[in-house]
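Peer 1: What would the 3D arrangement of this be:
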Amino acid sequence: MSADAGLPERSRLVQQHLLDAGVETTIRVLPDSARTAPEAASAIGCDVAAIANSLVFVADGEPILVMTSGGHRADLAALTASIGAADVAMAPASLVRAATSQAIGGVAPVGHPAPLRTFIDEALQDHDELWAAAGHPHTVMPLTFDELRRITNGTVVAVV
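Peer 2: Next comes the predicted model:
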């Protein structure tokens, strides 16, 4: 039996994307949902600020992925200014699902039907180990900041 046999389908896709990118990490299946940063941090036993939330926004009509620290909420005005957009808003759940093929609360930084333009909260640089959702609300994975930036081709910005 393969190591990923117990993973949900979406998490297996994320795992394959990571392997293809040369990132070796273990996706962890949690007994309870980790839809919020505090839930995830509690289940993992890490600082909530080390949770890399995957949030989908609509910037000037296009979906974007913003990886934010669980230690604070993204400020739309700051995010809009940081990415040079005219208009930024939270994406509706239907667009999140369409753009990522993943449910809110389980959106991984990778494993989407097509890569999303990605922005990474500069505050995530403060942590040696980050934890991100892995394609399902019950799965998480550890990554370094450099791995996150490399696999997403993300641009580091201020979100607060």
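Peer 1: so which helix or strand takes in residue 12?
Peer 2: According to DSSP states H and E, residue 12 maps onto helix 9-20.
Peer 1: Would you mind pulling up the elements that that helix packs against?
Peer 2: Counting contacts by 3 or more Cβ pairs under 8 Å, 6 or more residues apart in numbering; DSSP states H and E, helix 9-20 packs against strand 139-143. All C-beta atoms are positioned from the backbone trio N, CA, C, and that covers glycine.
Peer 1: Between helix 9-20 and the helix or strand just after the strand it packs on, find me the angle.
Peer 2: Note on strand 139-143: by DSSP H and E, the next helix or strand toward the C-terminus is helix 145-152. Inter-element angle recorded for helix 145-152 and helix 9-20: 100 degrees (by axes from the mean of the first three to the mean of the last three Cα atoms, to 10 degrees).
Peer 1: I would like the residues contacting helix 145-152, please.
Peer 2: 17-18, 21, 23, 25, 52, 65, 67, 109-110, 115, 118, 120, 124-125, 127, 130, 132, 143, 154, 156 (Cβ atoms under 8 Å, 6 or more residues apart in numbering).
Peer 1: about what we covered before: just the buried residues of the helix holding residue 12, please?
Peer 2: For helix 9-20, burial by neighbour count (16 or more other Cβ atoms under 10 Å) applies to 10, 11, 12, 13, 14, 15, 17, 18.
Peer 1: So what's the gap between the helix or strand following it and the chain middle?
Peer 2: Counting by DSSP H and E, the next helix or strand C-terminal to helix 9-20 is strand 28-29. Counting by Cα atoms, centre = their mean, to the nearest Å, strand 28-29 is centred 15 Å from the centre of its parent chain.
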